[in-house]
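Chemist: sequence unknown, structure follows:
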């Protein structure tokens, strides 16, 4: 193996263990969890007007497999987030979670075939620029050390 | 109408404050914990380790408070508007990281966080 390809491999490895990669995976699981929660509550059997209705709503949600899948996903997200916080600065990790907005927009576009307006794309672009800047602030620090 | 919006907006601010407390105390609790490797044994001992930290439990309870205020706020405000005010928590958390956790803030981090806040505002306000 040449030294340049070794260096490339090392840089790939560094990115894979970097905060952005882990947070993107985590936010994807989060998206999946939110989707499950949405699927677990359908509008026709949801109501909060009387004790009986609340009971029926709870019963329908709790007996739904999607709810439990969503809950498992959220527990997983919490665990991974704890892992991230044990390793990286909060001021670095927190802004990176905004990649969520980009993932949600892409999911709405590709899976739900929703329309995403151009002004919204502008906002999403700004979030991406911000994520790139914050994430680069970490490699700057690594480079200095 | 304005009254309801003011109440809703203040509920979101309260929710954001609880959210800040959540992440701040999680970070404080996890500061001294070694991050887990990706294998079953290591993850289990990490879980065992963090479940003994009072800060982690403060974080979990404050995240429940934050959720409660968020749901209350959503009964008075449309979701898109609520989302754009919620971008405030990035400001709070950046402030808390700097003043409480004494984390290093460089130009790229501050600029990036500002970009994200404006981006979230635009996404929230747009249709």
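Modeler: In hand now; what should we look at? Nothing here was measured: the structure is a model prediction, and the numbers come from that model.
Chemist: Spell out whether the helix or strand hosting residue B:24 and chain A are in contact.
Modeler: According to DSSP states H and E, residue B:24 maps onto helix B:2-30. Yes. Using Cβ under 8 Å from any Cβ of the partner chain, helix B:2-30 comes into contact with chain A via B:23, B:24, B:26, B:27, B:30. Yep, even glycine has a C-beta here, placed from its N, CA and C like the rest.
Chemist: Contacts only, for the last one.
Modeler: With contacts defined as Cβ atoms under 8 Å, 6 or more residues apart in numbering or on different chains, the neighbours of residue B:30 are A:82, A:85, A:86, B:50, B:53, B:55, B:56.
Chemist: 10 Å instead, please
Modeler: A:81-87, A:90, B:46, B:49-50, B:53, B:55-56, B:59 (Cβ atoms under 10 Å, 6 or more residues apart in numbering or on different chains).
Chemist: got any ranges where the chain has weak pLDDT?
Modeler: All of this is about chain A. Applying pLDDT under 70 to chain A flags residues A:1-3, A:9, A:11-17, A:41-48, A:139-145.
Chemist: I was thinking of chain B, sorry if that wasn't clear
Modeler: B:1.
Chemist: Geometric centre of the chain: which residue is closest?
Modeler: You didn't pick a chain, so chain A it is. Nearest to the geometric centre of chain A sits residue A:27, at 1.2 Å (Cα atoms, centre = their mean).
Chemist: sorry, should have said chain B
Modeler: Central residue of chain B (Cα atoms, centre = their mean): residue B:19, 3.7 Å from the mean position.
Chemist: So which residues of chain A form strands?
Modeler: In chain A, no strands are defined using DSSP state E.
Chemist: Show me the helices in it, by range?
Modeler: For chain A, the helices defined by DSSP state H occupy A:3-16, A:19-40, A:51-62, A:65-87, A:90-96, A:99-110, A:118-144.
Chemist: Check chain B too.
Modeler: Going by DSSP H, chain B shows helices at B:2-30, B:40-51, B:54-74, B:79-86, B:88-99, B:107-125.
Chemist: Give me whichever of the ones you listed is most buried.
Modeler: Across those, averaging neighbours per residue (mean count of other Cβ atoms under 10 Å in any protein chain shown) puts helix B:107-125 on top, at a mean of 21.
Chemist: so what's the residue nearest to residue A:119 when sequence neighbours are not counted up against?
Modeler: Nearest-residue entry for residue A:119: residue B:126, 4.2 Å, with adjacent residues in sequence omitted and distances by Cβ to Cβ, 6 or more residues apart in numbering or on different chains. Neighbour list for residue B:126: A:116, A:117, A:118, A:119, A:120, A:121, A:122, A:123, A:124, B:80, B:84 [criterion: Cβ under 10 Å, 6+ apart].
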